[in-house]
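J.: predicted model and sequence below, questions to follow.
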Amino acid sequence: MSLIAAGLGCGKKGPPLAPLRILPRPAQNVHVRQVGSDVVLEAAVSLSRTDGSPLGAGAVVQVMKMRPGPALKPARVSARYLVQVFQKEAKVVAPISGPDLQNKIASGHLVYHDRDAAGGEPSAAEGAPELRFLYAVRVVDQEGKGSALSMPQEISLVPPSPPPTDLAATVGEGEVRLTWESSGAGKPEASYNVYRRAASQEEMPLQPLNPAPLSDRAYVDTLFHYGETYFYSVRALANPPPPLRESAPSAEVEVRPLDVYAPKTPTGLAAAVEGQAIKLYWFPNSEPDLQGYRIHRRETRGDFRLLGEVGAGETSYADATAARGVRYYYAVTAVDGTTPPNESARSDEVSEVVPADAGP
């Protein structure tokens, strides 16, 4: 027997490996916020297992909640201890399953509203103990196997500010201008968030339109589409984040902006004879919804008639139908893409004539 074979023959076997556990994927990016007296929880949820296989129709997403004691603060204890205590003491406040689950995570994102999270208790009232909660999410498959628990998220509720009042919208060219008033109750709010939903959306998006809280009671929305119906609302910020704490939303205001605004009148129109044609040139317009230009022509006596059209990327036109020896007058208008299009006023006139002795 060779030394190699002998060496292989006397090798020792290690302990058996534990079987690989295939569990539901845990929820990710769990966050909580206060809106009025509600706590809104959001999380990224994938209804699949760690091996990539989909969960069955019996899957359940459990939203769990507990009111911790004064000593149980995430910043003061280890993550392991926090999870252990939470798993032991937390209660399932929302087992979400079936069609309701499919609707709530249609885009892989779960949003859950804990209505009146304080349960009637005063939120940080004068002299009352701090009203603090921990929330976490667990995914369970149809066989009862649960995912790892998401890290518990802490929120301390504050007395919600009254919602802003008198929200009004004014539509102008390229903008929807919103104004509102403070509720007038208690201290004036320091800042605000503006939210917008399309008519096809049942709930307001989680993110406000404004990238940073607003100190003024006004906002201009320029990121809308004409012809769409929108609903706007405003919330007052009770305290600076994190976590985000907002008032209940103001009453919604409905807006359907319509494009009734014509492009600006083209400028810089000039004409020159080139061969047997009259060539027109003008400066380009800059409107984002510009569809093109219309060229109008008339003779010395007579009204302007439409001669031709070019696209938004063109700033010239050759009139090859001009008769020799006849003076023509030209003007250009700009049109947008609405139906029917909005058309600008005519540009300044220019005139030119192809000489009677122009070349062949």
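T.: Received, thanks. Source: prediction; values computed, not measured. Numbers count the residues shown, from 1 in each chain.

J.: what's the closest non-adjacent residue to Arg235?
T.: Spatial nearest neighbour of Arg235, chain neighbours left out: Glu246 (4.0 Å); criterion: C-beta to C-beta, 6 or more residues apart in numbering. No exception for glycine: its C-beta is placed from N, CA and C like everyone else's.

J.: contacting residues for that neighbour?
T.: Glu246 sits next to 33-36, 160, 193, 235-238 when contact means C-beta atoms under 8 Å, 6 or more residues apart in numbering.

J.: what's the answer for Asp289, then?
T.: Under the criterion of C-beta under 8 Å, 6+ apart, the contact partners of Asp289 comprise 226, 259, 263, 336-338.

J.: pretty sure Gln87 sits in a helix.
T.: Yes - the assignment for Gln87 (DSSP: H, G, I helix; E, B strand; the rest coil) places it in a helix.

J.: name the nearest residue to it, ignoring sequence neighbours.
T.: With C-beta to C-beta, 6+ apart as the measure, Leu149 is the residue that lies nearest to Gln87, at 6.2 Å, once sequence neighbours are left out.

J.: residues near the one you found, how many?
T.: Neighbourhood size, Leu149 [other C-beta atoms under 10 Å]: 20.

J.: tell me which element it falls in.
T.: Counting by DSSP states H and E, there is no helix or strand that carries Leu149.

J.: make sure it is actually in contact with Leu134.
T.: No - with contact defined as C-beta atoms under 8 Å, Leu149 does not reach Leu134; the gap is 11.0 Å.

J.: just for the protein, where's the confidence low?
T.: 1-19, 120-129, 184-189, 239-241, 358-360 (pLDDT under 70).

J.: domains in it, by residue range?
T.: With automatic domain parsing serving as the domain definition, the record reports that the chain contains domains spanning 28-156, 165-255, 270-353.

J.: okay, these in a markdown table with distance to Leu20 next?
T.: Below are the domains of the chain laid out as a markdown table (distance: least, C-beta to C-beta, whole Å):
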| stretch | distance to Leu20 |
| --- | --- |
| domain 28-156 | 8 |
| domain 165-255 | 36 |
| domain 270-353 | 55 |
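
J.: and the strands in the stretch 51-200 of the chain, which stretches?
T.: Remark: strands of the stretch 51-200 of the chain, listed N- to C-terminal, are 60-66, 91-97, 109-114, 132-140, 153-156, 165-172, 175-181, 191-198; assignment by DSSP state E, counting those that start in this stretch.

J.: of those, which is nearest Ile22?
T.: Ile22 lies closest to strand 132-140 among the strands of the stretch 51-200 of the chain, at 13.0 Å (C-beta to C-beta).

J.: could you say what helices and strands that closest one packs with?
T.: Using 3 or more C-beta pairs under 8 Å, 6 or more residues apart in numbering; DSSP states H and E as the contact criterion, the neighbours of strand 132-140 among helices and strands are strand 28-35, strand 38-44, strand 60-66, strand 153-156.

J.: need these in a markdown table (columns: distance to Glu203 and mean neighbour count).
T.: Output for these, formatted as a markdown table (distance: least, C-beta to C-beta, whole Å; neighbours: other C-beta atoms under 10 Å):
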| stretch | distance to Glu203 | mean neighbour count |
| --- | --- | --- |
| strand 28-35 | 11 | 18 |
| strand 38-44 | 10 | 21 |
| strand 60-66 | 17 | 21 |
| strand 153-156 | 20 | 18 |
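
J.: any shared contact partners between Leu149 and Leu134?
T.: Contacts common to Leu149 and Leu134, judged by C-beta under 8 Å, 6+ apart, are Phe86.

J.: quick one on the thing from earlier: quick one: closest of the domains of the chain to Ile22.
T.: Among the domains of the chain, the nearest to Ile22 by C-beta to C-beta is domain 28-156 (5.0 Å).

J.: run the chain-centre distance for that closest one.
T.: Between the centre of domain 28-156 and the centre of its host chain there is 24 Å, according to C-alpha atoms, centre = their mean, to the nearest Å.

J.: can you dump the C-alpha atoms of stretch 101-118 in PDB for me?
T.: As requested, the backbone C-alpha atoms of stretch 101-118 are provided in PDB (Å, rounded to 0.1, in the frame of the first residue of the first chain):
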ATOM      1  CA  LEU A 101     -51.400  40.700   2.200                       C
ATOM      2  CA  GLN A 102     -51.100  40.600  -1.600                       C
ATOM      3  CA  ASN A 103     -52.600  44.100  -1.800                       C
ATOM      4  CA  LYS A 104     -50.400  45.500   0.900                       C
ATOM      5  CA  ILE A 105     -47.200  44.300  -0.700                       C
ATOM      6  CA  ALA A 106     -48.100  44.500  -4.400                       C
ATOM      7  CA  SER A 107     -44.700  46.200  -5.000                       C
ATOM      8  CA  GLY A 108     -42.800  44.300  -2.400                       C
ATOM      9  CA  HIS A 109     -43.400  47.100   0.200                       C
ATOM     10  CA  LEU A 110     -45.600  46.600   3.200                       C
ATOM     11  CA  VAL A 111     -47.400  49.600   4.800                       C
ATOM     12  CA  TYR A 112     -49.400  49.000   8.000                       C
ATOM     13  CA  HIS A 113     -51.300  51.600  10.000                       C
ATOM     14  CA  ASP A 114     -51.600  51.000  13.800                       C
ATOM     15  CA  ARG A 115     -54.800  53.000  14.300                       C
ATOM     16  CA  ASP A 116     -54.800  55.000  17.500                       C
ATOM     17  CA  ALA A 117     -51.600  53.300  18.600                       C
ATOM     18  CA  ALA A 118     -51.700  54.800  22.100                       C
END
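
J.: strands of the stretch 251-360 of the chain, start to end?
T.: Residue ranges of the strands in the stretch 251-360 of the chain, as given by DSSP E, counting those that start in this stretch, are 253-255, 270-274, 277-281, 290-299, 305-311, 316-319, 327-336, 350-353.
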